[in-house]
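Visitor: Provide a 3D model corresponding to the input given below.
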Amino acid sequence: MGVKKAVYRAVRWLGQVRIKIIGPLGEKFPEDFQFFLDYYEKKTKAAGRSSLHFVVDGLPKSLNHMYGRKTVTDKVTGHQTVRTWRKKEVDDFNLRTYLALQSRRFGWKPTGPSAALILFESPRWLNGKLQIIQMDTDNRIKVVMDATEKVTDVPDELYWQVCAFKVASKRTRTWVYLFDLGDIVEYFY
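Guide: Prediction:
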């Protein structure tokens, strides 16, 4: 049995995109990401609250592909049981998140609702014809938030504002910025 190779299809409704060379990520960020980053840094610094930043090598596996599933039939009774298991890649991303944070994880204790900015850097967002690939980010956000919760012991229910960005790049990394927004929740009626 051969190795199953992933097939990435281009998004059907969009043709070729144009490339704008910006520079090394980290020295410069996409304009919209930088806007949010500046906003949250200014807000947390003015209130004397904490923030945390880390970079994990690689992208998290999509939530759609985190678990293996197999139906097993009992040979005697004919009863079918569905067995599921978490794939190794999930634990691998959790370990890489732990290594990226190391001792800094103990300093992240927000006082209430928090914000998360996530930037997914990868060459796989585009194919060789400069077409956008059918690879989503929404299912990767949950994996990042779960790994962050596991490593920092801060429940992901505290993240009231989450914003994610894709960046086409030669490297594959996940950038995470966390901001403590304080203990006030805005309530609208």
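
Visitor: quick check: Lys70 is in a helix.
Guide: No. If the criterion is DSSP: H, G, I helix; E, B strand; the rest coil, then Lys70 is strand and not within a helix.

Visitor: that one pairs with what?
Guide: On the basis of DSSP bridges, Lys70 is bridged to Arg83.

Visitor: burial of it, as a residue count?
Guide: Per other C-beta atoms under 10 Å, the neighbour tally for Lys70 reads 9. For the C-beta atoms, the positions are set from N, CA and C on the backbone; glycine is no exception.

Visitor: again with Lys45
Guide: By other C-beta under 10 Å, 12 other residues sit near Lys45.

Visitor: which strands and helices sit next to the one helix or strand it maps to?
Guide: Per DSSP states H and E: Lys45 is located in helix 31-46. For helix 31-46, the packing partners by 3 or more C-beta pairs under 8 Å, 6 or more residues apart in numbering; DSSP states H and E come out as strand 51-57, strand 114-122, strand 159-168, strand 173-180.

Visitor: who wins for proximity to Tyr40 among these?
Guide: Proximity to Tyr40, assessed across the helices and strands packed on helix 31-46 by C-beta to C-beta, is greatest for strand 173-180 (4.3 Å).

Visitor: picking that back up, want to throw the helices and strands packed on helix 31-46 into JSON lines with mean neighbour count, mean pLDDT and distance to Lys129?
Guide: Formatted as JSON lines, the helices and strands packed on helix 31-46 follow (neighbours: other C-beta atoms under 10 Å; pLDDT from 0 to 100; distance: least, C-beta to C-beta, whole Å):
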{"stretch": "strand 51-57", "mean neighbour count": "18", "mean pLDDT": "95", "distance to Lys129": "27"}
{"stretch": "strand 114-122", "mean neighbour count": "22", "mean pLDDT": "95", "distance to Lys129": "17"}
{"stretch": "strand 159-168", "mean neighbour count": "16", "mean pLDDT": "94", "distance to Lys129": "13"}
{"stretch": "strand 173-180", "mean neighbour count": "22", "mean pLDDT": "96", "distance to Lys129": "24"}
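
Visitor: just put those strands in TSV and tack on distance to Leu63.
Guide: Formatted as TSV, the helices and strands packed on helix 31-46 follow (distance: least, C-beta to C-beta, whole Å):
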stretch	distance to Leu63
strand 51-57	16
strand 114-122	14
strand 159-168	13
strand 173-180	14
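
Visitor: if we can go back for a sec, give me the mean pLDDT for the helix holding Lys45.
Guide: Summarised as a single mean, pLDDT over helix 31-46 is 94.

Visitor: can I assume Thr148 sits in a helix?
Guide: Yes. Assessed with three-state DSSP, Thr148 lies in a helix.
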